[in-house]
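Engineer: okay, here's the prediction I keep looking at, along with the sequence it came from:
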Amino acid sequence: MWEQVRANRRKSILLVFVMLLLLGAFGFSIGMLVEVYLLGGTVNDTKASFPLTQNTIDYSSGIIGMGIAFGLWFVMALVSYFQGHKILLAVNGAKRIEKSDHPRLFNIVEEMSIAASLPKMPQVYIVNDMSPNAFATGRDASHAAVAVTAGLLSKLNRDQLQGVIAHEISHIVNRDVTFMSMVGVMLGTIVMISETISRMFFYSGGSTGHSRRYSSSSQKKDVNLGPIVLVFLVIAILAPIFAQLIYFAISRKREYLADANAAVFTRYPEGLASALELIGRDPKPVVNANNATASMYIVNPFKKVAPSALSSTHPPIAERVKILRKMGGNVSYETYQNAWRSVGEKAGALPGSALLNDKNTPARAPHVSSQDTQTPTQRVREAGDLLRNVNQFAFLTCTCGLRFKVPPTLKKDSFTCPRCKAKVVLPVAQMAMLEQVADSMSTAPSESGQPLTIKKEPCQWTSFKCQCGQLINLSPSFLAPEVTCKHCKRKISVTV
């Protein structure tokens with residue numbers, strides 16, 4: 001299997017090199033276009049003979065343009081390598097969550113990290129989007145993150161969610177996320193330059209069909225630049241298209257390998273297969289997805305693109321599901337390879353040398369737990385509350401039993417219950433020595449380091465403020481004896 005991983009890396013390096021050459025050609029053409037089209041003299045109808053000699057046109061502008069393109073890519077590549085995962089998470093609207101926010105999700109990520117022998121568990125993020133999907137990002141296994149949408153959490157059971165997480169962690173193990181980030185940077189650079197130059201030419205209002213009086217070394221020459229400008233313009237138009245196709249070619253070849261890894265890590269191929277079917281049936285696209293990030297998702301986030309189209313970032317879902325379900329009752333890379341071949345993918349079969357130490361393991365039975373018996377309404381509510389938590393909503397309950405989800409735009413710490421007219425107050429953690437004091441809602445600041453305490457409501461979200469003013473939410477499944485304030489770092493004892 002690792003031979004296949006190395007082969008994918010070699011192909012990726014080759015494709016990255018091709019994109020780099022393409023970017024250089026693009027920068028050269030743009031430099032020449034700027035020279036002859038925007039910086040030329042007056043329009044003249046006199047035509048010169050062809051071919052034009054080197055004395056007629058100075059190519060230094062093209063070289064400068066190529067250098068600028070390389071320089072821009074290099075700077076963006078450095079930023080992408082060291083901060084790219086944070087940028088991609090921010091672009092997709094992902095927010096980090098803790099284990100206490102969603103223990104089931106964290107347990108699954110921990111299990112799959114151990115199964116994949118990762119040196120460090122990836123950080124976990126949630127995306128505020130109801131379209132079911134997920135992606136992984138990071139520069140290496142020690143600096144990685146897994147992000148899932150709220151829609152995914154609201155629709156999948158534990159086995160399905162485990163299959164999706166295993167697939168994304170496989171991308172981290174195979175270093176797919178590193179290469180996709182680098183290639184995505186080059187694609188973004190090409191598109192950015194293309195759009196900038198297009199706007200420049202649009203607002204310049206010129207025409208490629210005329211000659212220009214070209215000035216060089218104080219000597220003016222009337223030459224017909226139409227054919228040259230046309231050639232450069234064709235390169236400028238086609239370069240982003242070629243770059244996009246190369247980007248798609250890289251991403252499609254990795255999904256099968258990640259599916260194989262996920263089947264082995266979970267020992268339950270049906271979990272991923274049914275998850276892919278469910279995600280594929282949902283018609284809603286991921287709102288914040290774009291061409292540079294589409295290939296990072298487990299399923300094409302745009303949904304409207306035909307799976308067989310060249311512009312698709314992923315292989316057909318039906319084919320991936322068919323391979324997984326043909327693995328039968330035994331799980332191994334060899335059984336995945338045989339299933340792969342049975343659907344006509346002979347060229348993509350795993351190499352025999354990668355299967356020498358392969359182990360054939362019986363597929364496990366599906367998980368049976370109380371979390372898998374949740375109704376769709378309960379899962380949607382759970383995912384919605386998790387989103388409200390990361391968006392700093394407060395969860396309050398009146399004495400009459402009415403529950404409130406207060407947005408952060410409401411700055412008041414108290415309000416009147418519309419049902420019973422009682423006052424609903426956002427609690428504040430108190431000094432432990434003052435627990436029995438009648439005025440338990442006092443917000444007077446305590447001495448630094450003085451232990452604080454708060455009472456948690458059973459089986460529901462509990463919101464309160466630390467004495468520094470930081471809002472803290474405890475999920476229904478929070479069981480720890482204390483929590484640490486993210487702002488002032490004070491430990492707060494939690495009682496039930």
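Structural biologist: Everything's here; your move.
Engineer: find the centremost residue of the chain, please.
Structural biologist: Phe135 (4.9 Å; Cα atoms, centre = their mean).
Engineer: can I assume that one is in contact with Ile298?
Structural biologist: Yes: using Cβ atoms under 8 Å, Phe135 makes contact with Ile298 at a distance of 6.9 Å. In this view, the C-beta of every residue, glycine as well, is placed from N, C-alpha and C.
Engineer: which one is the residue nearest to the centre of the chain nearest to, not counting chain neighbours?
Structural biologist: Spatial nearest neighbour of Phe135, excluding adjacent residues (Cβ to Cβ, 6 or more residues apart in numbering): Met296 at 4.1 Å.
Engineer: could you look up the SS state of the closest residue to Gly31 other than its chain neighbours?
Structural biologist: Nearest non-adjacent residue to Gly31, counting by Cβ to Cβ, 6+ apart: Gly65, 2.1 Å away. Under DSSP: H, G, I helix; E, B strand; the rest coil, the three-state class of Gly65 is helix.
Engineer: cool, Ala147 as well?
Structural biologist: Strictly by three-state DSSP, Ala147 counts as strand.
Engineer: quick one: the nearest residue to it once chain neighbours are set aside from Arg139, how far?
Structural biologist: Computed as Cβ to Cβ, 6+ apart, the closest residue to Ala147 that is not its neighbour in sequence is Tyr125, at 3.9 Å. For Tyr125, the distance to Arg139 equals 16 Å [Cβ to Cβ, to the nearest Å].
Engineer: give me the more crowded residue out of these two.
Structural biologist: Taking other Cβ atoms under 10 Å, Tyr125 and Arg139 do not tie; Tyr125 has more neighbours (21 against 18).
Engineer: what lines up beside whichever helix or strand the more buried one is part of in the sheet?
Structural biologist: Element membership of Tyr125, judged by DSSP states H and E, is strand 123-127. Strand 123-127 pairs in its sheet with strand 94-96 (antiparallel), strand 143-149 (parallel), by DSSP bridges.
Engineer: for the first one, buried residues please.
Structural biologist: What that stands for is strand 94-96. When burial is assessed from 16 or more other Cβ atoms under 10 Å, strand 94-96 yields the following buried residues: Ala94, Lys95.
Engineer: ok, which of the strands paired with strand 123-127 comes nearest Val109?
Structural biologist: For the strands paired with strand 123-127, the distance to Val109 is smallest for strand 143-149, at 6.1 Å, taking Cβ to Cβ.
Engineer: list the contacts of the closest one.
Structural biologist: Applying Cβ atoms under 8 Å, 6 or more residues apart in numbering, the contact partners of strand 143-149 are 85, 89, 92, 94, 96, 105, 109, 118, 120, 122-138, 161, 164-165, 168-169, 172, 177, 286.
Engineer: show me where the protein has helices.
Structural biologist: Along the chain, the stretches classed as helices by DSSP state H are 2-33, 60-91, 103-115, 150-155, 158-173, 176-204, 226-252, 255-266, 269-281, 317-325, 333-342, 376-390.
Engineer: distance to His487, mean neighbour count and mean pLDDT added to these, as a markdown table?
Structural biologist: Below are those laid out as a markdown table (distance: least, Cβ to Cβ, whole Å; neighbours: other Cβ atoms under 10 Å; pLDDT from 0 to 100):
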| stretch | distance to His487 | mean neighbour count | mean pLDDT |
| --- | --- | --- | --- |
| helix 2-33 | 42 | 18 | 71 |
| helix 60-91 | 21 | 17 | 81 |
| helix 103-115 | 23 | 19 | 94 |
| helix 150-155 | 26 | 23 | 94 |
| helix 158-173 | 30 | 26 | 95 |
| helix 176-204 | 31 | 19 | 70 |
| helix 226-252 | 40 | 17 | 65 |
| helix 255-266 | 38 | 25 | 90 |
| helix 269-281 | 37 | 22 | 95 |
| helix 317-325 | 44 | 19 | 92 |
| helix 333-342 | 48 | 20 | 85 |
| helix 376-390 | 16 | 17 | 88 |
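Engineer: make CSV out of these and add distance to Leu479.
Structural biologist: Listed next are these as CSV, based on distance: least, Cβ to Cβ, whole Å:
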stretch, distance to Leu479
helix 2-33, 39
helix 60-91, 28
helix 103-115, 9
helix 150-155, 20
helix 158-173, 19
helix 176-204, 33
helix 226-252, 40
helix 255-266, 26
helix 269-281, 27
helix 317-325, 35
helix 333-342, 38
helix 376-390, 17
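Engineer: wait, which of those helices is closest to Leu426?
Structural biologist: Once those are compared by Cβ to Cβ, helix 376-390 is nearest, at 14.7 Å.
Engineer: who touches that closest one?
Structural biologist: 95-97, 101-102, 126, 128, 150-151, 153-155, 374, 395, 405, 461, 473, 475.
Engineer: so how far is it off the chain centroid?
Structural biologist: With Cα atoms, centre = their mean, to the nearest Å as the basis, helix 376-390 stands 21 Å off its chain's centre.
Engineer: that one vs strand 123-127, what angle?
Structural biologist: 110 degrees (axes from the mean of the first three to the mean of the last three Cα atoms, to 10 degrees).
Engineer: tilt between helix 376-390 and helix 103-115?
Structural biologist: Using the same axes, to 10 degrees: helix 376-390 against helix 103-115 is 80 degrees.
Engineer: then helix 376-390 to PDB, C-alphas only?
Structural biologist: These are the backbone C-alpha positions of helix 376-390, laid out as PDB (Å, rounded to 0.1, in the frame of the first residue of the first chain):
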ATOM      1  CA  PRO A 376     -33.500  12.700  12.700                       C
ATOM      2  CA  THR A 377     -35.100  15.500  14.700                       C
ATOM      3  CA  GLN A 378     -32.800  14.800  17.700                       C
ATOM      4  CA  ARG A 379     -29.700  14.800  15.400                       C
ATOM      5  CA  VAL A 380     -30.600  18.100  13.800                       C
ATOM      6  CA  ARG A 381     -31.200  19.600  17.200                       C
ATOM      7  CA  GLU A 382     -27.900  18.300  18.500                       C
ATOM      8  CA  ALA A 383     -26.000  19.700  15.500                       C
ATOM      9  CA  GLY A 384     -27.900  23.000  15.700                       C
ATOM     10  CA  ASP A 385     -27.000  23.400  19.400                       C
ATOM     11  CA  LEU A 386     -23.400  22.700  18.700                       C
ATOM     12  CA  LEU A 387     -23.300  25.500  16.100                       C
ATOM     13  CA  ARG A 388     -25.000  27.800  18.500                       C
ATOM     14  CA  ASN A 389     -22.300  26.900  21.100                       C
ATOM     15  CA  VAL A 390     -19.400  27.800  18.800                       C
END
